[in-house]
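Student: Dropping the sequence and predicted coords here.
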Amino acid sequence: MTTVNFEAPSPIRSITFIDSGLSQYDVLTAGISEQQHVVQIYADTNGIEQISQTLSQYQNLESIHIFSHGSSGALQLGNAILTQAVIAEYQDDLQQWGNALLGAGDLFLYGCDVAAGVTGEAFVEQVSQLTRADVAASSDLTGNGGDWDLEISVGTIDSTTALDQATQIAYEGQLNLLTNGSFEANAVDNNLWTTFAATDVAGWQSLNGERIEFWDSGHASVTSTDGSNHIELDYSGGTAGIDAIYQDVQTVAGGVYQLSFDMRSRGANFNSNDEAVVVEWNGVKTKIDGYRASTTGEWTTITTQVTGTGSRDRLLFRESTTAGASDGSGPLLDNITHELTAPPSNIDVNGSFEANAVDNDQWATFAASAVAGWQSLNGELLELWDSGHQGVTSTDGSNHMELDYSTGALDGIYQDIQTQAGQTYQLTFDVRSRGPNFASDDEAVIVEWNGVQGAFYADGPQAWTTLSSTVV
């Protein structure tokens, strides 16, 4: 008689939830350690409730990990957004999350900026109280252009991150960008419309303090394109003037982002200024005369691209300022998305010194605070030359700089750049001597990487040389 011993499967000790709305969802999933059980949060479901239903099947978990879009004090989970404003409504759900954990279990929130500022820290504290868990969350950019550190914690975190190191380096997405782009975080009565103060609308702010007008899908026979709500950008009862909503989003310097949104005219004259949507990126219109629907009574999907500065960039939607446009009947908006489509190949900012205007064939100095990306080591002014000044043509764009402003001390400029641990970077720059003695120390450029120096010289007199070096 043969005896067969069946080995019981190891109990699940940790669960990772990944929102399907994240870019490169498959890359994240593949990078989760084998000890983790991975669950997809579906875009068309209430992710808070889905997490609760899943966790109701488990006990004594050591950790729970949630990868999703986020902003200060907010987590986007499927078609639901968890914020301080609604957290009381989900008290039972969060208690269920805690019931699935060991007494000293850990909850990891990987969304960007979730713990940022006073609002974010208060949110994390409240989540910890309701789940009775130790909670760790990010207070800055998570993913590409940021890091995977969870800087803010409540309690003692004993578990480790769910994502392996190789995936942390390879992942090109971000876990933030827009919050509540389909305006689903507020409840509107069936087939009706209502208004909310911007402070009660997750993610969005009002430029003029105007209330935001929400329509339920079906009101006036208009069906939302994503979810059950959309908005109108022309609240008739407003007193603050032009309707304008915005979000400040953390970007990667040089990253190319695709902005997409659905718009529809409310009235018949879809091509009029009255029905136009004006979009601004850091105060600059992405289309001079705004966007218009392509036909009457139908939604049109608009797409355009913008470039990140590496800080918090402002994305603003407003109605037209044309006389008579603010008349209580304006364009409808839904399904706004903002995604990184092309990570930057160059991670410094303003490497060709093009952000400042210099008069034709002249030179000028600028305080470092006025030169995008760069800082001055000694507080010295930066001397910029227009291409053509003294017969010197810039190699890229219309400006270059001289590293020896005549009245100052030693000139030194720098940038602090976010890098990935262990990653090799190629540094490239063009250098030219001003005088004929190109090999002298007077014409050398000293480059430091975290304080380690190297000296570089042009290959010939008064001619540009491209130099490169690698750093880690």
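Tutor: Happy to help now that I have it.

Student: Could you use CA atoms for every contact and neighbour count after this?
Tutor: Will do.

Student: Count the neighbours of Ala463 for me.
Tutor: Ala463 sits with 16 neighbouring residues when counted by other C-alpha atoms under 10 Å.

Student: What of Leu102?
Tutor: With other C-alpha under 10 Å as criterion, Leu102 counts 16.

Student: Alpha carbons of the host helix or strand of it, in PDB - could you do that?
Tutor: Following DSSP states H and E, one finds Leu102 within strand 101-109. Listed in PDB are the C-alpha atoms of strand 101-109, where the atom choice follows Å, rounded to 0.1, in the frame of the first residue of the first chain:
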ATOM      1  CA  LEU A 101      -5.200  42.000   9.400                       C
ATOM      2  CA  LEU A 102      -3.200  40.700  12.300                       C
ATOM      3  CA  GLY A 103      -3.200  43.000  15.300                       C
ATOM      4  CA  ALA A 104       0.000  44.500  14.200                       C
ATOM      5  CA  GLY A 105      -0.700  44.400  10.500                       C
ATOM      6  CA  ASP A 106       0.400  47.000   7.900                       C
ATOM      7  CA  LEU A 107      -1.500  48.900   5.300                       C
ATOM      8  CA  PHE A 108       0.500  50.400   2.400                       C
ATOM      9  CA  LEU A 109      -0.900  53.200   0.200                       C
END
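
Student: Can you name the residues in contact with it?
Tutor: 59-68, 132-138, 150, 157-159 (C-alpha atoms under 8 Å, 6 or more residues apart in numbering).

Student: Try it again at 6 Å.
Tutor: 59-66, 133-137 (C-alpha atoms under 6 Å, 6 or more residues apart in numbering).

Student: How about stretch 381-391?
Tutor: 358, 361-367, 393-394, 398-402, 405.

Student: go again using 7 Å as the cut-off
Tutor: 358-368, 393-394, 398-402, 405 (C-alpha atoms under 7 Å, 6 or more residues apart in numbering).

Student: what's around Arg314, how many residues?
Tutor: So Arg314, with other C-alpha under 10 Å, has 16 neighbours.

Student: same deal with Val114?
Tutor: For Val114, using other C-alpha under 10 Å, the count is 31.

Student: swap in Asn378?
Tutor: 12.

Student: now Tyr58
Tutor: Tyr58: 18 neighbours (other C-alpha under 10 Å).

Student: Equivalent analysis for Ser387, please.
Tutor: Residues lying near Ser387 (other C-alpha under 10 Å) number 23.

Student: I'd like the numbering to begin with 760 instead of 1 from here.
Tutor: Got it, first residue is 760 now, which makes that one Ser1146.

Student: That one and Phe1112: what is the separation?
Tutor: 11 Å (C-alpha to C-alpha, to the nearest Å).

Student: What segments of the stretch 810-959 of the chain are strands?
Tutor: Counting by DSSP state E, counting those that start in this stretch, the stretch 810-959 of the chain has strands at residues 820-826, 828-830, 833-836, 839-842, 860-868, 893-896, 911-913, 952-955.

Student: Now do the shared contacts for Ser1146 and Phe1112.
Tutor: Asn1158.

Student: pull the longest strand from the protein.
Tutor: As assigned by DSSP state E, the longest strand anywhere in the chain is strand 1091-1101.

Student: Can you list the strands that that strand pairs with?
Tutor: Its sheet considered, strand 1091-1101 pairs with strand 988-991 (antiparallel), strand 1015-1023 (antiparallel) by DSSP bridges.

Student: quick one, what contacts Ser815?
Tutor: Contacts of Ser815 by C-alpha under 7 Å, 6+ apart are Gln855, Ala859.

Student: try 10 Å this time
Tutor: By C-alpha atoms under 10 Å, 6 or more residues apart in numbering, Ser815 lies in contact with Gln809, Asp852, Gln855, Trp856, Asn858, Ala859.

Student: Quick check on it: phi, psi?
Tutor: phi -60, psi -20 (degrees, to the nearest 10).

Student: Check the spacing between it and Ala859 real quick.
Tutor: Counting by C-alpha to C-alpha - Ser815 and Ala859 are separated by 7 Å.

Student: likewise Trp963?
Tutor: 33 Å.

Student: Give me the neighbour count for the closest residue to Ala1003 other than its chain neighbours.
Tutor: The shortest distance from Ala1003 to any non-neighbouring residue, by C-alpha to C-alpha, 6 or more residues apart in numbering, is to Arg1077 (4.0 Å). Using other C-alpha under 10 Å, Arg1077 is surrounded by 21 other residues.

Student: just how off-centre is whichever strand or helix holds Arg1077 within its chain?
Tutor: Following DSSP H and E, one finds Arg1077 within strand 1071-1078. Relative to its chain's centre, strand 1071-1078 lies at 13 Å (C-alpha atoms, centre = their mean, to the nearest Å).

Student: quick one, that strand and strand 1015-1023 angle?
Tutor: Going by axes from the mean of the first three to the mean of the last three C-alpha atoms, to 10 degrees, strand 1071-1078 is angled at 20 degrees with respect to strand 1015-1023.

Student: Give me the average confidence score over strand 1071-1078.
Tutor: The predicted model assigns strand 1071-1078 a mean pLDDT of 91.

Student: What of stretch 1132-1145?
Tutor: pLDDT averaged over stretch 1132-1145 gives 88.

Student: And stretch 919-938, by the same measure?
Tutor: 69.

Student: Ends of it, what's the gap?
Tutor: 27 Å.

Student: mind listing what Ser1088 touches?
Tutor: Contact analysis of Ser1088 by C-alpha under 10 Å, 6+ apart lists Glu991, Leu992, Asp993, Tyr994, Ser995, Ser1024, Arg1025, Gly1026, Asp1033, Glu1034.

Student: make it 6 Å
Tutor: So, once contact is read as C-alpha under 6 Å, 6+ apart, Ser1088 ends up touching Asp993.

Student: and it, that one's in a strand?
Tutor: No: assigned with DSSP: H, G, I helix; E, B strand; the rest coil, Ser1088 falls outside any strand and is coil.
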